[in-house]
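Participant: coords please:
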Amino acid sequence: MRYGYYPGCSLEGISVEYDESMRRLFERLEVTIEDLPDWICCGTLAAPSLSPLLGLATPLWNVARAKREGYDRLIAPCSACLYHFKHAAKRVAENAALRAEVEAVLEMPLAAPPPIIHPLELLAADAFEPRIRGSVQRDLSDLKVVCYYGCHISRPAAVMQFDDPENPQSMDRLLSWVGVQVLDWPGKVDCCGAHFSMIKPGIVVDLCARLFEAALEAGADAIVVACPMCHANLDTRQDEIAAKLSWPLRMPVLYFSQVLGYAMGLPAERLGFQRHIVDPVPLMVAKCQQRMKDEG
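Facilitator: Numbers count the residues shown, from 1 in each chain. This next block holds a predicted model:
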């Protein structure tokens with residue numbers, strides 16, 4: 001199985017730690033990924049706002065290139081990129097005339113592209129469970145987390161076709177395989193405010209405050225995410241949120257790949273922990289030490 005890997009803009013910018021930890025995790029699990037050659041931005045919200053055709057051609061250039069490279073799957077860790085890829089692919093799959101128009105722009109065929117998947121879809125498959133369980137080197141059974149999926153990993157269901165759109169379980173499964181206590185909570189798929197962070201930050205503060213309140217109510221030590229935008233909003237806005245809530249807030253927000261990698265014995269610095277606004281290292285070390293102390 002050949003896996004193409006599309007990092008996207010965020011993983012080479014504000015979310016380098018997601019990319020670092022994702023690559024280290026694949027290495028530890030002996031999953032070979034190949035960077036998509038000459039990838040371009042998925043177009044995000046800008047391309048379709050300028051032109052509907054540009055909004056399709058931009059993400060589909062990457063999909064067509066993945067087809068040309070012969071990948072069996074294209075992995076996209078950013079849930080926003082993943083959505084734009086899958087939405088555009090669905091549009092042209094359902095409209096032959098539109099597909100021909102986009103193909104003329106790209107000068108590449110789009111028929112029968114490889115499936116585009118989030119890393120969660122790959123790693124949470126039953127086939128990976130023994131490999132993941134067998135890779136654990138650190139005991140994180142004292143670590144209590146809530147899994148935050150955000151808006152796009154499983155929604156809209158007709159486009160994403162992955163996991164339960166209202167109660168996704170893939171990240172919960174993965175973290176439970178490495179011994180982490182995964183808590184149930186009502187905020188799994190609530191919105192963090194996304195791009196409103198740039199234009200209406202007050203909305204982001206309000207929405208993220210609700211998420212932190214729910215996480216704390218559930219008894220979580222940390223929030224675990226799988227989306228660069230969700231991580232940015234939750235990790236960088238805690239001082240503003242604390243002011244709004246009128247109580248201290250310093251809750252680590254980790255990518256699922258960082259938690260898995262740490263459980264598998266990878267050093268914190270190789271997983272990008274040092275890049276966080278709220279330092280997760282004291283929590284992770286304390287939870288390991290607590291388990292060692294309890295067993296000693």
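
Participant: show me which positions of the host helix or strand of residue 54 end up buried.
Facilitator: Assigning secondary structure by DSSP states H and E places residue 54 in helix 52-69. The neighbour-count check on helix 52-69 (16 or more other C-beta atoms under 10 Å) flags 55-67 as buried. (C-beta placed from N, C-alpha, C; glycine too.)

Participant: if I look at the residue nearest to residue 241 when sequence neighbours are not counted, how far off is residue 132?
Facilitator: Using C-beta to C-beta, 6 or more residues apart in numbering and skipping residues adjacent in sequence, the residue nearest residue 241 is residue 209, 4.8 Å away. Here residue 209 is placed at a distance of 34 Å from residue 132 (C-beta to C-beta, to the nearest Å).

Participant: ok, residue 146 next?
Facilitator: Taking C-beta to C-beta as the criterion, residue 146 is separated from residue 132 by 20 Å.

Participant: more crowded one of those two?
Facilitator: When residue 146 is set against residue 132 and neighbours are counted by other C-beta atoms under 10 Å, the residue ahead is residue 146, at 26 against 21.

Participant: the helix or strand hosting that one pairs with which strands?
Facilitator: For residue 146, the element it lies in under DSSP H and E is strand 144-148. Take DSSP bridges as the rule and strand 144-148 pairs in its sheet with strand 181-182 (parallel), strand 222-225 (parallel).

Participant: right, and the ones you listed - which one's nearest residue 39?
Facilitator: Distances from residue 39 to each of the strands paired with strand 144-148 were compared by C-beta to C-beta, and the smallest falls on strand 222-225, at 22.7 Å.

Participant: chain neighbours aside, what residue packs nearest to residue 54?
Facilitator: Using C-beta to C-beta, 6+ apart and skipping the chain neighbours, the partner closest in space to residue 54 is residue 47 (4.6 Å).

Participant: count of neighbours near the one you found?
Facilitator: When counting by other C-beta under 10 Å, one arrives at 20 neighbours for residue 47.

Participant: what packs against whichever strand or helix holds it?
Facilitator: When elements are assigned from DSSP H and E, residue 47 belongs to helix 46-50. Using 3 or more C-beta pairs under 8 Å, 6 or more residues apart in numbering; DSSP states H and E, the elements in contact with helix 46-50 are helix 52-69.

Participant: give me the mean pLDDT for the helix it packs on.
Facilitator: Helix 52-69 shows an average pLDDT of 97 in the prediction.

Participant: could you list the residues in contact with it?
Facilitator: Applying C-beta atoms under 8 Å, 6 or more residues apart in numbering, the set of residues contacting helix 52-69 from outside is 4, 6, 34, 36-43, 47-49, 74, 81, 84-85, 87-89, 91-92, 98, 101-103, 105-106, 108-110, 112-114, 116.

Participant: give me the phi and psi for the residue lying closest to residue 188 once chain neighbours are set aside.
Facilitator: In this structure, residue 188 finds its nearest non-sequential neighbour in residue 149, 5.4 Å apart by C-beta to C-beta, 6+ apart. For residue 149, the backbone dihedrals (degrees, to the nearest 10) come out as phi -90, psi -30.
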